[in-house]
Each structure stands twice: as structure tokens, then as C-alpha cells.
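# Just need the structure, nothing else, for what follows:
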Amino acid sequence: MNMFEKLVKINCYSKNKILRKAATNLLEKLYCCEINCTEIDKSVLFAHHACGCTIVASKICENVVIFQNVSIGSNMKFNKPSGEWENVGNPIISKNVVIADGAKILGPVLIGENSVVGAGAIITKDVPANNIAYGVNQFKPKDANYDLVYSSNMINSDKIIEANNQLIAKYMKTIYHVNVEEMNFAQLFKEISPEEIPDDVFTLTGKIYPVITAGKGEHYNSMTASGGGMGLLFRKPAIWCVLQSTRYTLELIQKEQSYTLSYFPHEYKKQVHFLGSKSGRDSEKMKEVELTSVQTPSGNISFKEARLIIECKLAQITTPNPDDFCTQEARDYISEVYKDPNEYRKYVFGEITHVWMKNSLLH
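Okay, the predicted model is just below:
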């Protein structure tokens with residue numbers, strides 16, 4: 001239980017008036033909130049520490065969720081001729097209600113079970129159960145297939161960050177009219193050290209399919225790869241992968257003694273898969289693929305759409321021998337591919353010479 005939760009517990013449920021007063025003062029000072037209800041269930045959840053909230057209700061039932069800057073209070077008026085106050089009383093919030101940020105619920109009203117009061121809503125009338133309240137005293141039936149604003153199965157924060165990054169990228173392209181095809185390599189990428197690569201090795205070698213490209217000028221070829229690893233080889237940063245011995249790209253790697261591994265954002269998944277669907281030896285796939293080639297300062301080939309480029313100098317190519325493996329699973333795998341000469345595998349080790357990251361404004 002954190003500090004806020006402890007203060008709410010004392011403020012709402014303690015029978016010691018001195019402690020309650022102290023908790024009330026601390027809530028106002030630390031969180032700019034006031035909670036003063038005739039009855040409030042212990043299961044009520046205050047999001048964002050109830051910052052900016054004034055909660056003065058008749059009754060708040062179980063499993064209610066209240067977000068920040070919410071006002072729940074009275075909406076009285078004084079009748080001068082009669083000398084009486086009218087519309088006296090504070091809201092009752094039924095169970096399983098969600099009250100979004102900035103909402104205002106005023107007067108002797110009832111918010112029905114399982115309803116949602118939308119952000120910024122002003123409510124001075126009863127809201128039926130299973131409804132969405134919005135605007136000024138507007139409401140409509142809630143779709144039973146959706147939890148709005150809050151759910152017990154809340155979204156993973158990484159997904160929110162990913163969605164926000166995509167929105168930022170879209171915004172930047174709109175504001176700065178970024179046209180990747182018209183930009184040169186220096187405008188698109190900045191060099192970083194291998195230690196600064198943001199992705200972990202298991203993501204780069206297991207979850208993302210890199211595009212391996214070898215060749216120079218107009219004569220180059222690309223293929224997709226999976227598996228492999230990264231680390232130190234002869235005290236230098238290195239990366240390795242397993243390639244089929246008949247790959248056209250492997251021939252170009254051996255000829256040029258250098259190559260690149262390019263990693264793309266998720267939206268280029270289709271293009272990455274296309275490069276692995278056919279050989280460049282007997283097709284025009286490098287002209288057909290919807291990617292824009294670019295030459296690195298070293299003369300190697302990658303693509304402008306990539307978010308990360310690793311340039312390598314060929315260090316070693318070796319053919320695995322089934323007898324060199326200690327586990328039966330590995331021996332069986334190598335023995336199986338050796339049955340067909342066209343399926344031979346080569347282990348390709350490359351010394352990392354340069355690492356390029358897409359400039360922050362462009363990804």
C-alpha cells in the first residue's frame with residue numbers, strides 16, 4: 001500500500017478524528033484532492049492519485065474507478081421567496097462505474113451500475129445503468145463488448161509506447177514533409193557504436209528478420225535471414241548467421257568480402273518477406289521490391305527505409321560438420337540438410353565495421 005492509499009484509508013474509514021483531519025490535510029497538500037463521502041466502499045480505485053479531484057458524494061459503491069480532476073458534489077439552489085434550499089443532496093455512484101478525467105457529477109443524482117461517465121462530461125441528471133454519459137446530460141447505451149477508459153485487463157505499457165512512436169513518426173512526416181526517397185544517406189542515418197544498438201541480441205537474431213545485402217553499385221542482391229548471433233570474435237564486435245550454400249547473396253559476400261544487415265520497421269514486413277521469396281540469380285526482385293536502395297559511405301548497399309544498418313567485413317565462412325555437434329538434436333538437423341547438396345549450410349561470420357541508426361526525427 002503506497003502513501004496515497006494509506007491516506008485515503010485513514011481519511012475515509014478511520015474513527016480517530018485527529019488522524020482523519022491530518023490525512024485530509026495531507027491529501028489536499030500532496031495530491032490537491034478532497035475526499036469526503038457519507039459512504040464509500042473500500043474497493044473504490046482512484047487513478048493517478050486522484051490529483052485535482054473533489055469527491056463529496058452520498059455513496060460510492062464497490063469497484064468504482066475515478067480518474068483525475070473529477071468533481072462530485074452538490075448542485076443546490078436557494079429559493080429566496082420560500083427561504084429554503086432546493087436540490088439538496090450529493091450523487092450516488094453505483095457499482096462498477098468508471099468516471100473519466102475531468103467529469104463533473106453534481107446534485108442528488110444516481111449514476112447507474114456499469115455506466116461510464118466520459119471525460120469532461122457535466123452530469124446533473126440520473127444516468128441509467130449500462131450507459132455512457134457524455135457532454136452535458138447526454139447518455140447512450142454502452143456496447144457490452146467493450147470496456148471504456150478502464151479495464152481490469154489493462155494494456156501493456158510497451159504497446160502504448162509503440163503506438164505513440166508510430167503516431168510521432170506519422171506526425172513528423174506530415175510536419176516536415178519528409179520524403180525518404182529524396183534524402184541522402186547522411187540525412188537519413190547517424191553512426192553509432194555497436195554498444196549503442198538499442199535492440200537486444202535475441203530480438204535482432206530471433207524476432208526480426210534482417211535483410212542481408214551484398215554487392216556494389218547496380219549489381220547487388222538481398223535475402224532475408226533468421227537465427228544467428230552477435231558477440232566478440234578475435235576481440236572485435238561480430239555478427240554471424242547461417243546461409244544456404246547455394247544462395248546468390250552468399251556468392252556476392254564472398255566476392256566483395258563485405259555486406260550489410262538491414263532491419264526494418266514493422267510496416268515493411270511485406271517487402272522483407274518478398275526478398276526471401278525468390279532468388280535474385282534468376283529474377284528481377286531487386287527492381288521489383290518496393291524499397292529504395294542507398295549506398296553507405298563505405299560503398300555497401302542497404303535501403304533508405306531501414307531503421308538500423310549493420311555493415312560487416314567478412315571474417316570467416318565455415319561448413320558445419322555433424323560430428324562437431326554435441327547434442328543429438330543438432331546432429332540430426334545438420335545430417336538432415338546434408339542429404340541434399342543444395343541444402344548445405346554455411347556459417348558466415350562478419351566483423352562489424354559500422355552501425356547506422358535512422359535519425360530520430362525520421363523513425
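# P320: how many residues sit nearby?
Here the count is done by other C-beta atoms under 10 Å, and P320 has 17 residues near it. (Each C-beta comes from the backbone N, C-alpha and C, glycine too.)
# That one falls within a strand, correct?
No - note on P320: no strand contains this position according to DSSP: H, G, I helix; E, B strand; the rest coil, which reports coil.
# Quick check: it touching Y347?
Yes - taking C-beta atoms under 8 Å as the contact criterion, P320 and Y347 are neighbours in contact, 6.1 Å apart.
# for D323, helix, strand, or coil?
Three-state call for D323 (three-state DSSP): helix.
# what's the neighbour count on it?
Using other C-beta under 10 Å, D323 is surrounded by 8 other residues.
# Identify the spatial nearest neighbour of it, chain neighbours not counted.
With C-beta to C-beta, 6 or more residues apart in numbering as the measure, R331 is the residue that lies nearest to D323, at 7.8 Å, once sequence neighbours are left out.
# Can you classify that neighbour by secondary structure?
Recorded secondary structure, R331: helix (three-state DSSP).
# what residues are up against it?
For R331, the contacting residues are 322-323, 325, by C-beta atoms under 8 Å, 6 or more residues apart in numbering.
# Listing request: residues of the stretch 101-250 of the chain with sub-threshold pLDDT.
Regions of the stretch 101-250 of the chain meeting the criterion pLDDT under 70 cover residues 172-179.
# Now do the strands in it.
Taking DSSP state E, counting those that start in this stretch as the test, the strands found in the stretch 101-250 of the chain are 104-106, 110-111, 116-117, 122-123, 131-134, 138-141, 189-192, 211-216, 219-224, 229-233, 236-244.
# A57 is nearest to which of these?
Between A57 and the strands of the stretch 101-250 of the chain, the shortest separation by C-beta to C-beta is 8.1 Å, and it involves strand 104-106.
# hmm, who's touching that closest one?
Among residues not part of strand 104-106, those counted as contacts by C-beta under 8 Å, 6+ apart are 70-75, 91, 93, 99, 111, 117, 121-124.
# ok, 6 Å please
71-73, 75, 91, 122-124 (C-beta atoms under 6 Å, 6 or more residues apart in numbering).
# For that strand, list every residue counted as buried.
Judged by neighbour count using 16 or more other C-beta atoms under 10 Å, the buried positions of strand 104-106 are 104-106.
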